[in-house]
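J.: Could you look at this predicted model? Sequence included:
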Amino acid sequence: MGLIGKLRSILGHQSGKREPSSTHERNTELEGKWLTVDHPYFFGHANISPDKRWVVGCDDSDGGSLGGHRMKGNGRVILVDYPSDRIVYELKCFARPVDAAVSDSGSFIVHDCGFGSALSGDVIAINTSGDEIYRRHYCANIFNIGLSQCGRYAAVQTANADNKDSNILEVLDLQKRQQMFTVRPVGTWADCYLFDTNADGELCQLRVNLRDLGYFRYSTAGEFLDAESLQIAQLNKGDYATKIMAAQELLKTDTTEESARKALSVADTALTQGARERYDWGALAHRIRGESFESLGQLSDALEAYEQALAMNPKVGVLRRATTLRKKLSAKK
């Protein structure tokens, strides 16, 4: 079913009239990230199990014309056995189901962002019979969720808020109905999660995928295991903002000449990648260049870099350093 067909289906559903489908024999159809069901009519975001068998569809609307932010009108969640074109069950117990993740067993989790405008959300675990087995409420918006292939473990990352649920990465053991660990995530937002388990199905480690950087590990206690690998990736693979922040951190934690040269090279690269077009990031890149040159004893170059930083952003924080260097260089003449 193409885009025009979907629009016709939606309009037909809202008016109570729908033309029968003549384009295919299946009752359920995937198209990209969307699931369409003819009978009973359903259209929503599709979430597919790793083995491609199960599809969980989420429809964040009240069944009429109102979708997204609202104060009432539950959405719908549907579980489909896709190869057999079979609807397993439909649930209407969620306020605003905006995302889901499904395992190879057909169990799944749903992100319900709830009614109203409060910064909050629920992660709800559903078994293969359609029963709720676990629920965790967060007093912060949920950024994303992930589920292990076996369906036992879930990962949740939240956005910023003014409470303890702000900006956390949490792993849940759904079988034991408890949290395994809650930490402040290292690095940028995770794109997805991999759960490494042993032969007994016990979690060994969590791997998070950071966009453009790769996978990095957390232990089952929440300890970040790949700090050095992450720093190398941020310096070499990140966008200009990531590179600049990593170079700044490198200068703070390692005062060797080798680190100064690396930070200088990274700052130069960041400028060519677009930082020079931004007064804030460009100024910070030039500040890093100045600090690197100063560590290497190249004071004239350091002063020039500081002056470039100040020209872009007078509040970049190097005015005193530039003044001190200028006096020192003048005294040598």
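T.: Right, received. Where do you want to start?

J.: Would you mind giving the domain segments of this protein?
T.: According to automatic domain parsing, the chain comprises the domains 3-190, 234-332.

J.: can you redo those as CSV with mean pLDDT and mean neighbour count?
T.: (C-beta placed from N, C-alpha, C; glycine too.) Output for the domains of the chain, formatted as CSV (pLDDT from 0 to 100; neighbours: other CB atoms under 10 Å):
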stretch, mean pLDDT, mean neighbour count
domain 3-190, 90, 17
domain 234-332, 97, 18
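
J.: For R217, find the nearest of the ones you listed.
T.: domain 3-190 (10.5 Å; CB to CB).

J.: residue boundaries of the helices in the stretch 1-150 of the chain?
T.: 3-15 (DSSP state H, counting those that start in this stretch).

J.: residue boundaries of the strands in it?
T.: Assigned by DSSP state E, counting those that start in this stretch, the stretch 1-150 of the chain shows strands spanning 28-31, 34-37, 42-48, 54-59, 76-81, 86-91, 97-102, 108-112, 121-126, 132-138, 142-147.

J.: Let's have these in JSON lines, adding distance to Q234.
T.: Output for the strands of the stretch 1-150 of the chain, formatted as JSON lines (distance: least, CB to CB, whole Å):
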{"stretch": "strand 28-31", "distance to Q234": "36"}
{"stretch": "strand 34-37", "distance to Q234": "34"}
{"stretch": "strand 42-48", "distance to Q234": "30"}
{"stretch": "strand 54-59", "distance to Q234": "33"}
{"stretch": "strand 76-81", "distance to Q234": "38"}
{"stretch": "strand 86-91", "distance to Q234": "41"}
{"stretch": "strand 97-102", "distance to Q234": "27"}
{"stretch": "strand 108-112", "distance to Q234": "28"}
{"stretch": "strand 121-126", "distance to Q234": "29"}
{"stretch": "strand 132-138", "distance to Q234": "28"}
{"stretch": "strand 142-147", "distance to Q234": "20"}
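
J.: Let me know which of those strands is the nearest to T242.
T.: Smallest distance to T242 across the strands of the stretch 1-150 of the chain (CB to CB): 17.7 Å, for strand 142-147.

J.: coming back round to it: could I get the domains of the chain in CSV, plus columns for distance to D200?
T.: Putting these into CSV (distance: least, CB to CB, whole Å) gives the following:
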stretch, distance to D200
domain 3-190, 11
domain 234-332, 35
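
J.: Of these, which is nearest D226?
T.: Shortest distance between D226 and the domains of the chain, using CB to CB, is found for domain 3-190: 8.6 Å.

J.: Figure out how far the closest one is from the centre of its chain.
T.: Here domain 3-190 is found 16 Å from its chain centre; the criterion is CA atoms, centre = their mean, to the nearest Å.

J.: Using CSV, write out every CA atom in the host helix or strand of Q179.
T.: Assigned by DSSP states H and E, Q179 falls within strand 178-183. In CSV, the C-alpha atoms belonging to strand 178-183 read as follows (Å, rounded to 0.1, in the frame of the first residue of the first chain):
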residue,chain,number,x,y,z
GLN,A,178,13.8,-5.0,39.2
GLN,A,179,16.4,-2.5,38.1
MET,A,180,19.9,-3.8,37.6
PHE,A,181,21.6,-0.5,37.4
THR,A,182,21.0,3.2,37.0
VAL,A,183,23.8,5.5,35.9
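
J.: still on that earlier bit, just tell me which of the domains of the chain ends up closest to G201.
T.: Of all the domains of the chain, domain 3-190 comes closest under CB to CB, at 6.0 Å.

J.: Who does I78 form a beta bridge with?
T.: Assessed by DSSP bridges, I78 has beta-bridge partners G57, E90.

J.: got the contact list for it?
T.: Listed by CB atoms under 8 Å, 6 or more residues apart in numbering, the contact partners of I78 are 35, 37, 42, 44, 56-57, 59, 87, 89-91.

J.: same question, V102
T.: 47-49, 54-56, 79, 108, 147 are the contacts of V102 under CB under 8 Å, 6+ apart.

J.: same question, Q234
T.: 187, 213, 242-243, 245-246 are the contacts of Q234 under CB under 8 Å, 6+ apart.

J.: if we go to 7 Å?
T.: 213, 242-243, 246 (CB atoms under 7 Å, 6 or more residues apart in numbering).

J.: Please identify which of these is nearest to A309.
T.: K243 (16.2 Å).

J.: List phi and psi for that closest one.
T.: Backbone torsions for K243, taken as degrees, to the nearest 10, come to phi -60, psi -40.

J.: My guess is it contacts S265. True?
T.: No - contact criterion CB atoms under 7 Å: K243 and S265 do not qualify, at 9.9 Å.
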